[in-house]
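In: Sequence unavailable; structure follows:
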Ligand code: ATP
Ligand code: MG
Ligand code: MG
Ligand code: MG
């Protein structure tokens, strides 16, 4: 089944059960000071759970563009290295605002997965909250009993507070979750280690696909719990992981969400993606291809939603994601010219029917990415030479045991050259070096104190994009690229 149809079936299923289907909120949040990017389906409904305002319908479903690259949920470091965490992903979700509760939510989740999508029951596991007496939260007997009617009892596992209890903050709505996991390993592998031992254990073929949160309690200031007067359901299912299961492949990158992008990367760069890499060299190419295929989505959707790369706030996060992709291409795919921008057309063709913003903003997105690529490739060329010199001079100076570079050197590269710290750290690590992180942080702090106006600058990066204003961005990047290395 094509990914487009998988998404459609999810929405249809919940529409048929009385849910209003709403569009995704933008990937960048504009009026939530606590959150830079939407990182879950529920973010746009947060206020309803806090009792502020009423939703258009008591039952809602959608697919939300999410970005997990900052704050509480930051998956960036895993992206490219594993095959199931993305920076940008779609979270399919259904909600009940004071309407249905555990019985309907669990039964529908099960019906959708096993009847509509026809996932074999014997590759699924579910988890239920085990309870936490010290925090006054009980075992979720109700969910357990509902699952018992649907799935073999040895496939119901108990989970701890970290994985199976959700709370908005120290106070406020909270409740147990029940998660659904798949085990898509081969029969031989399953015979060696039972799936239940691999749940929440970073196995690429034993992954969580759907989280069902039951907002049942209110945590008061004195930490005690009371039942909420109206109970809510909040669910989130990873769309790309679901596609992996339904398309019978072993990695999100082997689904049709990613294969068109990967094919384009292969044809531009003359490299080959091989999901079963034979050696470390091939794996490096794979990682680079995954990083680029992933990051272009994050960056393209962020720009389409109005967040240009910049030097502050959310814009800086977007710039760093794009630079990470450029750097992986530069180092492992040997790309010395801009090319990531060419992937936008593939993305627009593939996603544009459902997310029209990526089509209507296609030329803006392409141009912004191309400009960023061109300027960062210049920076990389010069920066790598400097970093290389730095490593050579330090190798001579220091004993072989302590290849640590002073923080202020690294800071200089960052500050005057736009060379991100994480990139420097990666290159150093690959060459057997470390650096004085504390020293770097101290320099960074000093610089922040020097430039107190930085916040105003960051705010100024928000732009309202409308069709046709694609010219306005040109040159936004010029100032910061004046290279003054001393
Ligand atoms: P994981 O344990 O795999 O990191 P999670 O528990 O952090 O996932 P939730 O916050 O419960 O994830 O989000 C709901 C669903 O969204 C998950 O069950 C998963 O299918 C999907 N998901 C979460 N993070 C990512 C990601 N970085 N990339 C792709 N899908 C994700
Ligand atoms: Mg996670
Ligand atoms: Mg989890
Ligand atoms: Mg989860």
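Out: Noted; the coordinates are in hand. It should be emphasised that the depicted structure is a prediction, and the values quoted were computed from it without experimental measurement. Residues are numbered from 1 along each chain as shown. Ligands and ions are numbered 1, 2, ... in the order given.
In: residue contacts, the nearest residue to residue 442 once chain neighbours are set aside?
Out: Among residues not flanking residue 442 along the chain, residue 407 sits closest, at 6.7 Å (Cβ to Cβ, 6 or more residues apart in numbering). The way it works is simple: take the backbone N, C-alpha and C, and place the C-beta from them, glycine included. Contacts were defined as Cβ atoms under 8 Å, 6 or more residues apart in numbering; by that measure residue 407 touches 435, 436, 437, 438, 439, 440, 441, 442, 443.
In: Surely the last one is within a helix?
Out: To tie it back to what came earlier, the one meant is residue 443. Yes: looking at residue 443 with DSSP: H, G, I helix; E, B strand; the rest coil, it is inside a helix.
In: mind checking how far the closest residue to it other than its chain neighbours is from residue 176?
Out: Once flanking residues are discounted, residue 443 sits nearest to residue 411: 3.8 Å by Cβ to Cβ, 6+ apart. According to Cβ to Cβ, to the nearest Å, residue 411 stands 45 Å off from residue 176.
In: Looking at the two, which one has more neighbours?
Out: Remark: of residue 411 and residue 176, residue 176 carries more neighbours, 28 against 22, as counted by other Cβ atoms under 10 Å.
In: quick one, what contacts the more buried one?
Out: 128, 129, 137, 140, 143, 164, 165, 166, 213, 214, 216.
In: tell me the contacts of the fourth one?
Out: It stands for residue 140. Neighbours of residue 140 in contact, by Cβ under 8 Å, 6+ apart: 128, 129, 131, 164, 176, 178, 214.
In: Please apply the same query to the second one.
Out: Contact partners of residue 129, counting by Cβ under 8 Å, 6+ apart, are 137, 139, 140, 143, 158, 159, 161, 164, 165, 176, 177, 178.
In: how about a cut-off of 10 Å?
Out: 137-141, 143-144, 158-161, 163-166, 175-179, 214 (Cβ atoms under 10 Å, 6 or more residues apart in numbering).
In: What subset of the residues you listed is buried?
Out: 137, 140, 143-144, 159, 161, 163-166, 175-179, 214 (16 or more other Cβ atoms under 10 Å).
In: for the contacts of residue 140, which one is nearest ligand 1?
Out: residue 164 (9.6 Å; Cβ to the nearest ligand atom).
In: Can you name the residues bridging to the residue nearest to the closest one when sequence neighbours are not counted?
Out: Excluding the flanking residues, the one nearest residue 164 by Cβ to Cβ, 6+ apart is residue 129, at 4.0 Å. Beta-bridge pairing for residue 129 (DSSP bridges): residue 159.
In: pLDDT score assigned to residue 129?
Out: Residue 129 carries a pLDDT value of 98.
In: One more: the one 3 residues further on?
Out: Looking at residue 132, its pLDDT stands at 93.
In: ok, now residue 202?
Out: At residue 202, pLDDT is 95.
In: Which residue, neighbours along the chain excluded, lies closest to it?
Out: residue 82 (7.3 Å).
In: The one you found touches residue 291, doesn't it?
Out: No: counting by Cβ atoms under 10 Å, residue 82 does not reach residue 291; the two are 11.4 Å apart.
In: which one of these two has more residues nearby?
Out: More crowded of residue 82 and residue 291, by other Cβ under 10 Å: residue 291, with 22 against 18.
In: Verify the contact between the more buried one and residue 324 for me.
Out: Yes: proximity of residue 291 to residue 324 meets the contact threshold set by Cβ under 10 Å, at 6.5 Å.
In: residues contacting whichever residue of the stretch 201-350 of the chain sits closest to ligand 1?
Out: Nearest residue of the stretch 201-350 of the chain to ligand 1 (Cβ to the nearest ligand atom) works out as residue 238 at 2.4 Å. Contact analysis of residue 238 by Cβ under 10 Å, 6+ apart lists 66, 84-86, 89-92, 207-211, 244, 252.
In: which residues pair with it across the strands?
Out: Beta-bridge partners, per DSSP bridges, of residue 238: residue 91.
In: which parts of stretch 95-114 are buried?
Out: Within stretch 95-114, the residues that count as buried by 16+ other Cβ under 10 Å are 95-102, 104-106, 108-110, 112-113.
In: Check stretch 362-369 too.
Out: Neighbour count says stretch 362-369 has 362, 364, 365, 366, 367, 368, 369 buried, by 16+ other Cβ under 10 Å.
In: Kindly report the same for stretch 353-362.
Out: Applying 16+ other Cβ under 10 Å to stretch 353-362 flags 354, 355, 357, 358, 359, 360, 361, 362 as buried.
In: Give me the distance from that stretch to the chain's centre.
Out: Between the centre of stretch 353-362 and the centre of its host chain there is 20 Å, according to Cα atoms, centre = their mean, to the nearest Å.
In: Then stretch 372-387?
Out: Centre-to-centre, stretch 372-387 and its host chain are 26 Å apart (Cα atoms, centre = their mean).
In: Past the helix or strand hosting residue 316, which element shows up next along the chain?
Out: For residue 316, the host element (DSSP states H and E) is helix 313-328. Following helix 313-328 in sequence order, the next helix or strand is helix 343-351 (DSSP H and E).
In: Kind regards, and thank you for your time.
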